[in-house]
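*Asks:* sequence? don't have it. structure:
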C-alpha cells in the first residue's frame, strides 16, 4: 500500500509491503478527511476495513464507520518528479539537524522562511537572515558528506515538518544540483516499510 501527499513544494511517500494484497485500486482523499482519520484511527494493531468505491469510500474500525466522498480527478504522476540521479548523500543526526533548523529559522524572513544549508565534508552550516530587520543566525553541526561543498536553500517550515516525522536517530539527505529536488529519508527504514520525503529547493539571493 502506497500513501502519497503533496502541496506542490514538497511530497511525502510512504510504502508498506502487504503480501496479501490481490487487487489494485487507488483513491484520492481530501486533507480535511485525512486530518479526521488521523485523529480517530488508533495507533494499535487493531484491524480496519477500507472499502473503495467509484464516488464514495468507507473506513470501518472498532465502533466507527466513516464514509467520505472521493476527490475527483487524476492524481499527478508523482513517480515522475522523484529524482533518480541524486548522487550526493549527507548523513547526520536527525534531532541535531532538526534543532539547528528550529533555532536558526527564528531569524529567517517571515515571508519566505528561507534557510541555507552549506555542506562541506564533515560539517553542515545552517544559516538564516532577515534583511528587513538586519538579523541573522548560523549554526554548525557534524555530518558525513564526503564532498567538497554543496549549498542549497530550503523552506524551514517544510523541512522541519519532514524531519519531525522521522523516528530513526539518523537521516539521509540526497542532493543532485541546487535546483534538483532533495530526498530526505531515515538511514534505517523499518521492516517492510519505506518513508521518503521530497523537498523542492528555494533560490538563494
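*Replies:* It's in. This one's a predicted model, so the numbers in the text were calculated from it and none came from an experiment.
*Asks:* how close does the residue lying farthest from the centre of the chain get to residue 91?
*Replies:* Of all residues in the chain, the one whose C-alpha sits farthest from the chain's mean C-alpha position, using Cα atoms, centre = their mean, is residue 63 at 32.0 Å. Between residue 63 and residue 91 the computed distance is 45 Å (Cβ to Cβ, to the nearest Å). (C-beta placed from N, C-alpha, C; glycine too.)
*Asks:* just to revisit the earlier point, for the residue farthest from the centre of the chain, give me the pLDDT.
*Replies:* We have a pLDDT of 82 for residue 63.
*Asks:* do residue 19 as well
*Replies:* 65.
*Asks:* quick one: residues contacting the residue farthest from the centre of the chain.
*Replies:* The contact partners of residue 63, by Cβ atoms under 8 Å, 6 or more residues apart in numbering, come to none.
*Asks:* for residue 117, which residues are in contact?
*Replies:* 124, 125, 126, 151, 152, 153, 154.
*Asks:* for the first one, which residues make a bridge with it?
*Replies:* Using DSSP bridges, the beta-bridge partners of residue 124 come out as residue 119, residue 141.
*Asks:* I figured it was touching residue 138, is that so?
*Replies:* No. Residue 124 is not in contact with residue 138 according to Cβ atoms under 8 Å; the separation is 11.1 Å.
*Asks:* and the helices in the chain?
*Replies:* Listed in chain order, the helices of the chain (DSSP state H) span 31-40, 94-105, 156-164.
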